[in-house]
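> All I have is the shape, not the residue letters:
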């Protein structure tokens, strides 16, 4: 049985770790909140009191953390996980972080004989719960093949996209597309409302045409129901778009629509909506249009 240390049991990490338990892996998890560790124990996993303890003796260590500094602190900080792992251990970072940080983590792993993959995910909380995530993986191809049984227990689409950092680059592109599409879905719904069109029926027919997308399918119903409970928080998308804009600048690539989307997400966050689901972009379009839900 493959032994997995899972570090980061948040909105995404908790169901992912539970799915690994259900798939038959021996999973030990750590999170700064003991209550989240206890939920993994109740699901059949084991709990650890620290990240290092969760990783001890693991064949595969999975990290699912909020941002680049968090991953660096866990893996490279004082008493960091990397220096404690046996040569040949695989580390799969499934957080969304900067591509350059992913490359530096892979290099640090190589220096210690530890194999590091960057494997960010798309699909939101529901995809994590249902084990239907899309997983884009950067790193050594043979390491990817060795880790694939673990990844297959978490996602429906698992693809090796290139060398270290490539997974994070593809994830940045994903977040760019999602942000732009979300904004346009929000604008379309306010536009339809202003013209008195039945929005539910409009969304139904739009979903069957070229305008159809996973974003429209998943987020338009939430917008129509005004359900902004976070599946993916505005704060996190704001962070991700910072990664996108920095990476685009470094490569000398123009992203005019993406830059606007980043500005709008940033403005929504500045208005105090950082804890809402990113479908909350609807609120901003309504505000800019001078409309209320009753209009």
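All right, it came through fine. Keep in mind the model is a prediction, meaning the values are calculated, not measured. Residues are numbered from 1 along each chain as shown.

> Can you tell me the closest non-neighbouring residue to residue 30?
residue 54 (3.8 Å; Cβ to Cβ, 6 or more residues apart in numbering). For every residue, glycine as well, the C-beta is placed using N, CA and C.

> Would you verify that the one you found is located in a strand?
No. Using DSSP: H, G, I helix; E, B strand; the rest coil, the assignment for residue 54 is helix, not a strand.

> okay, residue 58: pLDDT?
Predicted confidence (pLDDT) at residue 58: the value is 97.

> Ok, residue 79 next?
85.

> before we move on, back to that, so the residue nearest to residue 30 sits against residue 29, correct?
Yes. Applying Cβ atoms under 8 Å, one finds residue 54 in contact with residue 29, separated by 6.0 Å.

> Next, the buried residues of the lengthiest helix in the chain.
Counting by DSSP state H, the longest helix found in the chain is helix 166-194. Buried residues in helix 166-194, counted by 16 or more other Cβ atoms under 10 Å: 166-176, 178-190, 192-193.

> ditto for stretch 117-132
Here stretch 117-132 shows 117-125, 127-129, 131 as buried, counting by 16+ other Cβ under 10 Å.

> Please flag which of those residues sit within helices.
Members of the buried residues of stretch 117-132 lying in helices (criterion: DSSP H): 124, 125, 127, 128, 129.

> which helices and strands sit right next to the lowest-mean-pLDDT helix or strand in the chain?
None of the helices or strands of the chain scores lower by mean pLDDT, DSSP states H and E than helix 124-130, at a mean of 93. Contact partners of helix 124-130 among helices and strands, from 3 or more Cβ pairs under 8 Å, 6 or more residues apart in numbering; DSSP states H and E: helix 13-22.

> What's the first helix or strand after the helix it packs on?
The helix or strand immediately downstream of helix 13-22 is strand 26-30, counting by DSSP states H and E.

> That following strand: what's the following helix or strand?
helix 34-42.

> Name the surrounding residues that touch that next one.
Helix 34-42 is contacted by residues 6, 9-10, 14, 17-18, 21, 27, 29-31, 46-48 when judged by Cβ atoms under 8 Å, 6 or more residues apart in numbering.

> how about that helix: buried residues?
Neighbour-count burial for helix 34-42 [16+ other Cβ under 10 Å]: 36, 37, 39, 40.

> got the contact list for the residue most central in space within the chain?
With distances taken as Cα atoms, centre = their mean, residue 121 lies nearest the centre of the chain, 4.9 Å away. By Cβ under 8 Å, 6+ apart, residue 121 lies in contact with 12, 94, 127, 128, 133, 134, 135, 136, 154, 155, 171.

> how about the closest residue to it other than its chain neighbours, phi and psi?
Excluding the flanking residues, the one nearest residue 121 by Cβ to Cβ, 6+ apart is residue 133, at 4.3 Å. Taking degrees, to the nearest 10, you get phi -60, psi 150 for the backbone angles of residue 133.

> still on that earlier bit, so which of the contacts of residue 121 comes closest to residue 100?
Using Cβ to Cβ, residue 171 comes nearest to residue 100 of these, at 13.6 Å.

> Give me the distance between the closest residue to the closest one other than its chain neighbours and residue 76.
Leaving aside its chain neighbours, residue 171 sits nearest to residue 120 (3.8 Å; criterion: Cβ to Cβ, 6+ apart). Residue 120 sits 18 Å away from residue 76, going by Cβ to Cβ, to the nearest Å.
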